[in-house]
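Enquirer: A predicted structure for the sequence below; I have some questions about it.
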Amino acid sequence: MNNTIETGKTAAITSYILGIGVFIAMSMNSGEDKNEFASFHIRQGLGLTITFFSLGLIIGNFDSLMISAPMWIFISVLWTYGIFSAIKGETKPIPLLGEYFQKWLKSIS
């Protein structure tokens with residue numbers, strides 16, 4: 001298990017770079033021997049990226065700092081939790097949404 005974490009750590013951390021990082025991590029984890037640790041964090045990172053863009057599209061229409069600031073704080077807290085979980089070698093789902101990301105995106109990696 002520890003070897004699985006070490007070999008997948010780079011892809012896991014890369015997956016939290018919003019936007020392009022998920023696709024880089026997916027290509028790093030492609031092939032016959034997919035790393036389960038990396039796959040877990042790729043699903044978390046992809047879910048977080050989708051959440052970020054979805055909330056951004058909705059909240060961006062209001063053009064108000066009172067509305068957009070909480071979104072940025074929410075995404076920043078979830079992102080920090082996720083990336084530190086990957087750095088520490090843990091497979092803890094992101095609070096509130098992580099379990100859903102694992103369920104909805106189970107076909108990814």
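Expert: Alright, I've got the coordinates.

Enquirer: who's in contact with residue 99?
Expert: Residues near residue 99 by C-beta atoms under 8 Å, 6 or more residues apart in numbering: residue 93. Glycine gets a C-beta too; all of them are placed from N, C-alpha and C.

Enquirer: any idea which residue sits dead centre in this protein?
Expert: Nearest to the mean C-alpha position of the chain, by C-alpha atoms, centre = their mean, lies residue 45 at 1.3 Å.

Enquirer: quick check: next helix or strand after the strand or helix carrying it?
Expert: Using DSSP states H and E, residue 45 sits in helix 36-59. Next helix or strand after helix 36-59 toward the C-terminus (DSSP H and E): helix 65-87.

Enquirer: quick one: that next one to helix 36-59, angle?
Expert: Here the directions of helix 65-87 and helix 36-59 differ by 180 degrees (axes from the mean of the first three to the mean of the last three C-alpha atoms, to 10 degrees).

Enquirer: tell me which residues of helix 65-87 come out buried.
Expert: 71, 75, 78-79, 81-83, 85-86 (16 or more other C-beta atoms under 10 Å).
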